[in-house]
Structure formats: structure tokens, C-alpha cells
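Colleague: Next comes the sequence, and after it the predicted model I'd like to discuss.
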Amino acid sequence: MTLSFRHSGRLGDIVCALPLVKRMAEQRGEPADFFIPAEVPARLDGNVYHPGGDWMVSRGLFDFIEPLIAAQPYIRHLRFAKAAELPSDSVDLDRFRGGDLNLKAGMIQGWYRKAFGVAFALEDAWLAVQPAPGVAGDFDVLVNHTTRFCNTRINYRVLQAAGRVGFVGLPYEYEEFMKSSGLAGVEHVQMTNALDLAQRLVRARVVVGNQSLCFAIAEGLKVTRALEVFEPVPTAIPVGGRCTEYITTAPLAAFLSEVLGRDVPTQPDLPGGFVESIKAQEGWKPPLRKRVKQWWRERRAR
């Protein structure tokens, strides 16, 4: 029987499940098939924007992540499938959401190790990519900063002395970061898919960001990286390779100085703290399910 897996998302959770997939494929001695179910409803709370909209993984998000997952040698086939097309004997990676796991803390990769009882080293890389040939210009620092799970105390003006800085992420994330940091001259690096993103990450001298899909990829690659930890829900812990985490500005400046071999002076912390969601994308609407519930509540109240 062909070893196969299924996982309904989010994309960051899928990436963090891959060390389990890699280890089980190694134990079987052959690559595995991987299925991502289509049309699984999202479960968003509050005014939280997510690119998948009403779905855990939309077609657009699958097209974004597919080249990276398909490039891994332990993956035979990757498919975006409807429920009826999912193999009945596939390993259900969504199982980590049940049981006694604390899903508000700890390393996400570790959730899968505990949920499935399979030992694998969290320090080892589970993603492998080749740097894209012919990509002009490497960055000293590549930043990815989403508008979720933010520590607004961090003063990213510290990056002004870090050399060439680029930003990878969605346009509204870039605009918010530039506005909040007060930096100038940070290039918005356009990405076509997650493989393109990963190839950029391995070329940068250091990757800086908060808890996100991008940082999950950086963790899988074990590139030099620094994580802005969201202490209320600390579900990412960098381990292995050259890495650190920070909740104030000074440790970030010290790490950059060490990695880049230049003096990166610290900056005073900003008057802020932990914020679950800074803003939604311009023009964003809550998922259809939430809009219908709100309409029904308002109608009953009349």
C-alpha cells in the first residue's frame, strides 16, 4: 500500500507536519502521497483576515504552496482533492487537533510528534531547496511580518543599520510594516509561490519575522533566523541551526550584530505590547458563515 497523508490546513500547519511525513516515508523506504482537501470551511474568530477567505486552503493558496511541497524528495504526489477523492487509508494529520494537546503553546512540529507517537529530530531540516539561479542581489536581512501575532513593542528601526533589507509578504503587510517601523528603502520582494519564497530565504544572511507561514518555512530550512515571539500564544520555537527569539528590541540588535559582523545599535522599545491582529486587509469582509450568523442575529433582534 502506498503511504499517504491528508491535511486540511492552514498552510503553516501543513509545513510543520512535514517532518512527520518525512520520517514516516523514510521508515517505509519510499516517498508518500499527500492530499490537501478542498472546500474545508475556515473557522476564523473576530475580525481576523486570512488569504484563504471562507476556506482553510483555497485553490489560490494550494497553488502557492504546491511547488515547495512537491519539490521535497519524500513526496511522490501532491493533490488538491475533494472529500470523495481522499483515500480512506490515508493518515489524517488533522488528528493533532483532538486529544489533550495544548494548541496554544509549544512547537507546532512537536504537536505532530506527540499526536502520532513517531520520533523525529526537531533540530533537523525537513525542507530542502536550491537557491534560484540568476536571482539578482542577495539581502542581508529578509523580513516577513504579518499583521497577526504581533509585538508592537519591537522597534524595527533597528534594521536601518543592518545593510540591505527586503520584505517578503502580502502588499498590505508590507505597507503596515513600513508605516509602523518608519523605515525607508526596504524593498518589497515579489514572490510567485512558496518555492520561490524558500529560495529567497536560503540566499538571505538572516531571516527576521513573527509567527507565520514564512517563518515555518524558514524553520524547515534551518536558515539563520530570528523570531518575534507572540507570548500569549507561543506556537513557534526556533531550534537547530543559528537562531534566536526576542520579545524586546535589544536582543534582536545583538543577534544581527553577531550574524552580520557589523555594529547594529539597538533602539528604544516602543510603547506597545502583544496584539493578536493589527488590521485587516483593505476591503476585507468576514467569512460568509459569520456574515450569515450576524444577519440572522440582527433579524431576530428586530
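Modeller: It's in. Residues are numbered from 1 along each chain as shown.
Colleague: Could you check the pLDDT of the closest residue to Phe149 other than its chain neighbours?
Modeller: Leaving aside its sequence neighbours, Phe149 sits nearest to Phe230 (CB to CB, 6 or more residues apart in numbering; 3.8 Å). Placement of C-beta: from N, CA and C, glycine included. Looking at Phe230, its pLDDT reads 96.
Colleague: Next: Gly53.
Modeller: Confidence score, pLDDT, at Gly53: 69.
Colleague: and if you look at Arg291?
Modeller: Reported pLDDT for Arg291: 66.
Colleague: for the stretch 101-250 of the chain, what are the low-confidence residue spans?
Modeller: Counting by pLDDT under 70, the stretch 101-250 of the chain contains low-confidence residues at 132-137.
Colleague: May I have the secondary structure class of Phe80?
Modeller: In three-state terms, and counting by DSSP: H, G, I helix; E, B strand; the rest coil, Phe80 is strand.
Colleague: How about the contacts made by it?
Modeller: Phe80 makes contact with 35-36, 38, 57, 59, 62, 66, according to CB atoms under 8 Å, 6 or more residues apart in numbering.
Colleague: on that earlier part again, so the residue nearest to Phe149 sits right up against Asn210, yeah?
Modeller: Yes - here Phe230 reaches Asn210: they are 6.5 Å apart, a contact under CB atoms under 8 Å.
Colleague: what residues do these two have in common as contacts?
Modeller: Taking CB under 8 Å, 6+ apart as the contact rule, the neighbours common to Phe230 and Asn210 are 149-151.
Colleague: how about the most centrally placed residue in the chain, what does it touch?
Modeller: With distances taken as CA atoms, centre = their mean, Leu213 lies nearest the centre of the chain, 1.2 Å away. The neighbours of Leu213, taking CB under 8 Å, 6+ apart as the test, are 10-12, 15, 194.
Colleague: surely Val91 meets Arg6?
Modeller: Yes - using CB under 8 Å, Val91 is in contact with Arg6, at 7.3 Å.
Colleague: Look up phi and psi at Ile65.
Modeller: Dihedral angles of Ile65 (phi, psi; degrees, to the nearest 10) stand at phi -80, psi -20.
Colleague: so what's it up against?
Modeller: Contact partners of Ile65, counting by CB under 8 Å, 6+ apart, are 11, 14-15, 57, 193-194.
Colleague: Give the PyMOL command for selecting the buried subset of those.
Modeller: In PyMOL, a selection of the buried entries from the contacts of Ile65 looks like this (16 or more other CB atoms under 10 Å):
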select buried, resi 11+14+15+57+194
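Colleague: Reformat the contacts of Ile65 into a markdown table and put secondary structure and distance to Lys293 next to each item.
Modeller: Below are those laid out as a markdown table (DSSP: H, G, I helix; E, B strand; the rest coil; distance: CB to CB, whole Å):
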| residue | secondary structure | distance to Lys293 |
| --- | --- | --- |
| Leu11 | helix | 26 |
| Ile14 | helix | 28 |
| Val15 | helix | 31 |
| Val57 | coil | 22 |
| Asn193 | coil | 34 |
| Ala194 | helix | 33 |
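Colleague: Pop the domain breakdown of the chain in here.
Modeller: Domain assignment for the chain by automatic domain parsing gives 4-116, 141-277.
Colleague: out of the ones you listed, which comes closest to Arg299?
Modeller: domain 4-116 (21.1 Å; CB to CB).
Colleague: Can you get me the start-to-end distance on that closest one?
Modeller: 15 Å (CA to CA, to the nearest Å).
Colleague: what distance separates that domain from the centre of its chain?
Modeller: Mean-position distance between domain 4-116 and its chain equals 13 Å (CA atoms, centre = their mean, to the nearest Å).
Colleague: right, and the secondary structure at the closest residue to Pro271 other than its chain neighbours would be what?
Modeller: In space, and not counting its chain neighbours, Pro271 is closest to Arg153: 7.7 Å by CB to CB, 6+ apart. With three-state DSSP as the basis, Arg153 sits in coil.
Colleague: Arg153 and Val206, how far apart?
Modeller: Applying CB to CB, to the nearest Å, the value for Arg153 to Val206 is 20 Å.
Colleague: Same question for Phe96.
Modeller: Per CB to CB, Phe96 is found 30 Å from Val206.
Colleague: do Glu231 as well
Modeller: Between Glu231 and Val206 the computed distance is 22 Å (CB to CB).
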